[in-house]
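Asks: sequence-free structure coming up:
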């Protein structure tokens, strides 16, 4: 499968995509995603991260200790 990712401007409700000469596909699937700064999904995700609880140092150390213990078996 050949894939191309590029960013382009929407002008008067249209986009123009130039494919490289070595692109041989006869049919393609287009997925158009908005990358505007006010993208609601990314704003919601950022807010989710900001509101998430923080891990205490003791909790982090306990996880690290469990990892070290498990790594002994690999």
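Replies: Cool, got the structure. The shown structure was predicted, so the numbers you read here are calculated from the model rather than taken from an experiment.

Asks: Quickly note the distance from residue 29 to residue 8.
Replies: Distance of residue 29 to residue 8, computed by C-beta to C-beta, to the nearest Å: 17 Å. (Glycine included, C-beta is placed from N, CA and C.)

Asks: Between these two, which is the more surrounded one?
Replies: Neighbours were counted for residue 29 and for residue 8 using other C-beta atoms under 10 Å; residue 8 has more, 10 against 6.

Asks: residues touching the nearest residue to the more buried one once chain neighbours are set aside, list them.
Replies: Closest residue in space to residue 8, ignoring its immediate chain neighbours: residue 15 at 5.2 Å, by C-beta to C-beta, 6 or more residues apart in numbering. When contacts are counted by C-beta atoms under 8 Å, 6 or more residues apart in numbering, residue 15 touches 8, 9, 32.

Asks: how close does residue 15 get to residue 28?
Replies: 13 Å.

Asks: Pull out the buried residues from the helix or strand residue 66 falls within.
Replies: Per DSSP states H and E, residue 66 falls inside helix 57-71. Neighbour counts using 16 or more other C-beta atoms under 10 Å place no residue of helix 57-71 among the buried ones.

Asks: That one - what's its average pLDDT?
Replies: Per-residue pLDDT over helix 57-71 has a mean of 93.

Asks: So which elements touch that helix?
Replies: Contact here means 3 or more C-beta pairs under 8 Å, 6 or more residues apart in numbering; DSSP states H and E; on that basis helix 57-71 packs against no helix or strand.

Asks: Where do the helices of the chain begin and end?
Replies: 40-51, 57-71 (DSSP state H).

Asks: What's the local residue count around residue 34?
Replies: 10.

Asks: Distance-wise, check residue 13 relative to residue 60.
Replies: 50 Å.

Asks: quick one on the thing from earlier: in CSV: the helices of the chain, plus distance to residue 4.
Replies: Formatted as CSV, these follow (distance: least, C-beta to C-beta, whole Å):
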stretch, distance to residue 4
helix 40-51, 23
helix 57-71, 40
